[in-house]
Structures are given as structure tokens and as C-alpha cells.
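Trainee: Kindly generate the corresponding structure for this input.
(2 chains)
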Amino acid sequence: MTTSPRLDPDRLAALPPLPRDDDGPVFEEPWQAQAFALAVKLSEQGHFSWKTWAQALAEELAAAAARGEPDDGSRYYHHWVAALERLVTDRGLSDGSALEIRKEAWADAYRHTPHGQPVELRESGPSST
Amino acid sequence: MSDNEHGRGRGQHHTRDGHDAHHEDGHGHDRSPGHTHDHHHDGHHHHDHDHQAVPADIALRVKALESVLVEKGMVAPAELDEIVDRYENRIGPRNGARVVARAWVDPEYRERLLADGTAAIAELDYLGRQGEHMKVVENTDRVHNVIVCTLCSCYPWPTLGLPPSWYKSSAYRARTVIEPREVLREFGMDVPNEVEVRVWDSTAEIRYLVLPERPPGTEDLTEDELADLVTRDSMIGVARVAAPSSAEGSP
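Mentor: Reported below is the predicted structural model:
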């Protein structure tokens, strides 16, 4: 007879099930596509090697696992963005406070733009040199 | 600068003027937790009673990154759009399928492919942009190959596009090296015990592509018809290529 190793309770406890998906969209939301393209472009321009990128991403994934976050791939691009922010600040392309200020400026722009209008930053906020 | 995110990530929607912005939000002001009602209406836009929903924090972080880097001239929005378009619309598993079909019909190409994957794949104009090397591993009746990236999500982008979410999951990354046969079984694939399973751990520098076995009964098919049989999963190594259904070739 065939015994199914899947029924082994020890391993069921130890190893999570595989998530599955069909072909689906490449990116689930626009910000994922933007973050993806930013990392590719900055690497192509030599701001960091792809090996450096892969290491930074792997560190974010490992840190998430160490925090006990379930990792079924659904938060993958969250970790991608965290790696991107870290490399951008590590390489001096921007800094954390400039990014935070800019983020708030965007939130503010959304709140004050009428529905149906393109959202624009009214001015480029405090300079982020 | 204008909000240009909304064209991305949605297949064919690539407008940049922000005016199709609401295919994402829909009429989401009713359900978006980020929306606030605590501000004045200026009365100039009577077609709707609302201002825009504030995107999720993660989306704002990305907008901040992009706008700061654009402002410094480090990236151009058109270049970013081009990258997204490349991966949404031009690069995907069909590329790899053409490589596989060529290898099936052209023994000399197959030899070149197995000897130097990077060069042979470049013959079909599928080029890696991260400077990675491609190694093609061939399935036979003695060996079954499966690819993984245990540390992150390295994947043969030029031939397969971007990876499916399960490939990026910790479960797949961890379990494929620990118990590959069980993982394959969960994908619906029983590998006989006499067949060796080889697991290839991708890195930033070297990516793998599985050359699956050509299914029986396909001797009369053209290269294009063969390419249509080749699936993404078969080139990752978690599936076999199925022979065409006997019912006159309908999918």
C-alpha cells in the first residue's frame, strides 16, 4: 500500500503547505510594478549590482521569517520595497527622512485632489538633496 | 509631477495621464479605509462628491521613492514604464517555450543550449539584463531537474518572465531542497524512485532552466506547435509536458 508522507503530523507541523496560483497577472497592484522597475533600473545604472540586490532582498525575506511572518509569497513585494528603501539610503541616493516627508506629501495630495483629477504634488516639498 | 502609477500592473492599461486611475479604485471611496471625509469640498467638481482615496502606505512609499529618484534625474518615468511593459507584455514563459521547442527539433541547437545556455538563448534574442549566466538542465528518463532559489527568488527572467508567487514562498524555497519528491507530488507529479531528482539552487549570477522531455506522439508537430505545449511549470521542473490531447488538437 502507499502511505502518504503528507499525513506525517510532525512534518505537517514543521513545513508549511505550498501556496498555489495560476498564471495570474505579473503584478497584482501598480506599486509592485513601480518598485520592480525601480530596482531593475537602479541596478542597470550601476547604483548596485544585482548580486547586492539579491542579498538585500534575501536579508529582508530572512528577517520577515525570523519575525515569524507567514511567507506564502503574498508579501513578497513588501519585502522588495523594504530592500529598495534600504539600498537607496545606504547608497546615499536619498535618506529616510526625505522619503518620509515625500510620502506624506503624496498622501496630502491625494486628500486634496478632487475625484477624477490627476494627483499631483503641488510643489516638490522640502528638498531632499 | 503627475500621478502616473495607475497604468502599471494591469495588463494593457498603460495610460500615463492618471485619468483611468479609477479602474484601480473603482468606486472605492465607499470602501477604502484610507479615505477621509474631513476636508472641504471646493465645489468645482460636481460630478462626484469626493476627493481621492489615499493609497495604502506601501504604495505611498513607492511613490515617494520614485518621485525622489525621478526628481534627481536617476530614473526617468518612461524608462520605468518600459521595464514594466517588458515584463508584463513581452517577456514570459513563451520565450522559454520557444527555446525548448527549438532544442527538441534541432539537435545541434540542443547541444549548444546544454553546453552554453547563455549564448544559445541569446541566439533567440532573449538576453539577461542582470549579467546572469543561464544553465539549461535536461530531463531524461534517468534524471529529473527542478529549480528553486532558496535565499530569495532568483529566476530565469529572460526565458520565463517573473516567477509565480509560490516560487517566492518560503515553503517552496525551503521544502524543495529538503523533500523535492514530496513537493513534486504536491504539484501532481510522481517521480519514480529510480529517477534521480536534481535540485538547482539559483543565484544572482546563475539561473537555471529545465529542458523538459518531449512528450511521445509529437513527432509530426511543428516547432510552433511544440512550443504551444511547453508550460512554465515544466520549465521550472514541477510538471511534465503533456502530449497534445488526442481530440484533434483542441486545447
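Trainee: Heading C-terminal from the helix or strand of chain B with the lowest mean pLDDT, find the next helix or strand.
Mentor: When the helices and strands of chain B are compared on mean pLDDT, DSSP states H and E, helix B:22-25 comes out lowest with a mean of 37. Using DSSP states H and E, the helix or strand that follows helix B:22-25 towards the C-terminus is helix B:57-71.
Trainee: Tell me which residues of whatever helix or strand comes next after that next one come out buried.
Mentor: Beyond helix B:57-71 on the C-terminal side, the first helix or strand identified by DSSP H and E is helix B:77-85. By neighbour count on 16 or more other Cβ atoms under 10 Å in any protein chain shown, the buried set for helix B:77-85 is B:77, B:80, B:81, B:83, B:84, B:85. Yep, even glycine has a C-beta here, placed from its N, CA and C like the rest.
Trainee: and residue A:110, what pLDDT?
Mentor: Note for residue A:110: predicted pLDDT of 87.
Trainee: got the angle for the helix or strand hosting it vs helix B:57-71?
Mentor: If you go by DSSP H and E, residue A:110 is part of helix A:96-112. For helix A:96-112 against helix B:57-71, the angle by axes from the mean of the first three to the mean of the last three Cα atoms, to 10 degrees is 110 degrees.
Trainee: roughly how far out does helix A:96-112 sit from the chain middle?
Mentor: 18 Å (Cα atoms, centre = their mean, to the nearest Å).
Trainee: before we move on, what about stretch B:97-105?
Mentor: How far stretch B:97-105 lies from its chain's middle: 19 Å, per Cα atoms, centre = their mean.
Trainee: Grab the nearest non-local neighbour of residue B:224.
Mentor: Leaving aside its sequence neighbours, residue B:224 sits nearest to residue B:101 (Cβ to Cβ, 6 or more residues apart in numbering or on different chains; 7.3 Å).
Trainee: what's the answer for residue A:100, then?
Mentor: Once flanking residues are discounted, residue A:100 sits nearest to residue B:64: 7.6 Å by Cβ to Cβ, 6+ apart.
Trainee: was I right about the one you found contacting residue A:103?
Mentor: Yes - Residue B:64 is within contact range of residue A:103, at 4.1 Å (criterion: Cβ atoms under 8 Å).
Trainee: what about the two, which has more around it?
Mentor: Legend: neighbour count by other Cβ atoms under 10 Å in any protein chain shown for residue B:64 and residue A:103, higher for residue B:64 (24 against 20).
Trainee: need the contact list for that one.
Mentor: Counting by Cβ atoms under 8 Å, 6 or more residues apart in numbering or on different chains, residue B:64 makes contact with A:99, A:100, A:102, A:103, A:105, A:106.
Trainee: how about the buried residues of helix B:77-85 in CSV, adding pLDDT?
Mentor: Below are these laid out as CSV (pLDDT from 0 to 100):
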residue, pLDDT
B:77, 92
B:80, 93
B:81, 92
B:83, 91
B:84, 91
B:85, 89
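Trainee: which stretches of chain B aren't confidently modelled?
Mentor: B:1-50, B:246-251 (pLDDT under 70).
Trainee: quick one: the most centrally placed residue in it and chain A, what's the gap?
Mentor: The centre of chain B sits closest to residue B:162, judged by Cα atoms, centre = their mean, with a distance of 2.2 Å. Computed as Cβ to the nearest Cβ, to the nearest Å, the residue B:162 to chain A distance reads 5 Å.
Trainee: and if you look at residue B:77?
Mentor: Residue B:77 sits 10 Å away from chain A, taking Cβ to the nearest Cβ as the criterion.
Trainee: again with residue B:186
Mentor: Remark: distance between residue B:186 and chain A (Cβ to the nearest Cβ) = 6 Å.
Trainee: just residue B:169 next, same as before
Mentor: Per Cβ to the nearest Cβ, residue B:169 is found 4 Å from chain A.
Trainee: Can you classify the nearest residue to that residue once chain neighbours are set aside as helix, strand or coil?
Mentor: Nearest residue to residue B:169 in three dimensions, chain neighbours excluded: residue A:73, at 3.9 Å (Cβ to Cβ, 6+ apart). Per DSSP: H, G, I helix; E, B strand; the rest coil, the local secondary structure of residue A:73 is coil.
Trainee: Would you list the phi and psi of residue A:73?
Mentor: Phi and psi for residue A:73, reported as degrees, to the nearest 10, are phi 90, psi -10.
Trainee: who's in contact with it?
Mentor: Residues near residue A:73 by Cβ under 8 Å, 6+ apart: A:19, B:165, B:166, B:167, B:168, B:169.
Trainee: Tell me, how many residues neighbour the fifth one?
Mentor: So the one you mean is residue B:168. Residue B:168 has 26 neighbours, counted by other Cβ under 10 Å.
Trainee: how close does it get to residue B:202?
Mentor: Taking Cβ to Cβ, to the nearest Å as the measure, residue B:168 falls 12 Å from residue B:202.
Trainee: returning to that earlier point: are we agreed that the residue nearest to the centre of chain B is in a helix?
Mentor: No - applying three-state DSSP, one finds residue B:162 to be coil, outside a helix.
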